[in-house]
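K.L.:
here is a sequence with its predicted model. Questions after.
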Amino acid sequence: MIDSLLELASPIRYAAIYRDGHLTTKQKADTPDASSSESDRYEELLVNPALLTLATQRGNIDCGGLDYVLVRYGHFFQFVLPQPWGHVSVCIAAEADPVELGARIRALVAYLG
């Protein structure tokens with residue numbers, strides 16, 4: 001799945017899959033302004049699960065649930081898609097349309113499971 005995510009569109013810089021407590025990450029070569037692999041690891045193990053927990057709990061109160069979380073950092077967007085087994089996280093170049101790409105990411109993850 002991780003290679004399929006990276007090949008989905010040129011603005012996709014990085015992808016991570018956190019499935020059943022196991023983290024797999026991959027970054028495209030020559031990515032400008034990339035985070036360090038250690039920083040990315042902590043984001044996937046700590047930050048994204050915490051964001052998903054908080055947003056899911058809020059969404060379940062009276063917002064109709066949670067579809068995804070989109071964070072805009074200075075150099076890129078981070079699209080985080082909750083899954084029953086963990087999450088999928090995709091880094092998208094700042095000049096791209098993260099909502100349009102997010103829809104494509106959701107469709108691909110649903111297809112590949």
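P.N.:
Perfect, I can see it now.

K.L.:
pick out the residue closest to the middle of this structure.
P.N.:
S89 (1.8 Å; Cα atoms, centre = their mean).

K.L.:
where does the closest residue to that one other than its chain neighbours land in three-state SS?
P.N.:
Computed as Cβ to Cβ, 6 or more residues apart in numbering, the closest residue to S89 that is not its neighbour in sequence is A16, at 4.3 Å. In this view, the C-beta of every residue, glycine as well, is placed from N, C-alpha and C. Three-state assignment for A16 (DSSP: H, G, I helix; E, B strand; the rest coil): strand.

K.L.:
show the contacting residues for A16.
P.N.:
In this structure, A16 makes contact with 2, 23-26, 40, 44, 88-90, judged by Cβ atoms under 8 Å, 6 or more residues apart in numbering.

K.L.:
apply 7 Å and report the result again.
P.N.:
Applying Cβ atoms under 7 Å, 6 or more residues apart in numbering, we find A16 in contact with 23-25, 40, 44, 89.

K.L.:
can I get those in TSV including distance to G59?
P.N.:
Below are the contacts of A16 laid out as TSV (distance: Cβ to Cβ, whole Å):
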residue	distance to G59
L23	24
T24	26
T25	26
D40	25
E44	21
S89	18
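
K.L.:
strands - which of the residues you listed land there?
P.N.:
The members of the contacts of A16 that map onto strands under DSSP state E are 23-25, 89.

K.L.:
the residue nearest to S89 pairs with what?
P.N.:
For A16, the beta-bridge partners are T25, S89 (DSSP bridges).

K.L.:
now do it against I61, distance only.
P.N.:
28 Å (Cβ to Cβ, to the nearest Å).

K.L.:
any chance you could map the helices in the protein?
P.N.:
In the chain, the segments counted as helices under DSSP state H are 2-7, 37-42, 48-62, 98-112.

K.L.:
related to what we said a few turns ago, from A55, how far out is the residue nearest to the centre of the chain?
P.N.:
Between S89 and A55 the computed distance is 14 Å (Cβ to Cβ).

K.L.:
circling back: how about the residue nearest to the centre of the chain, what does it touch?
P.N.:
Counted by Cβ under 7 Å, 6+ apart, S89 has contacts 16, 44, 48, 78, 80.
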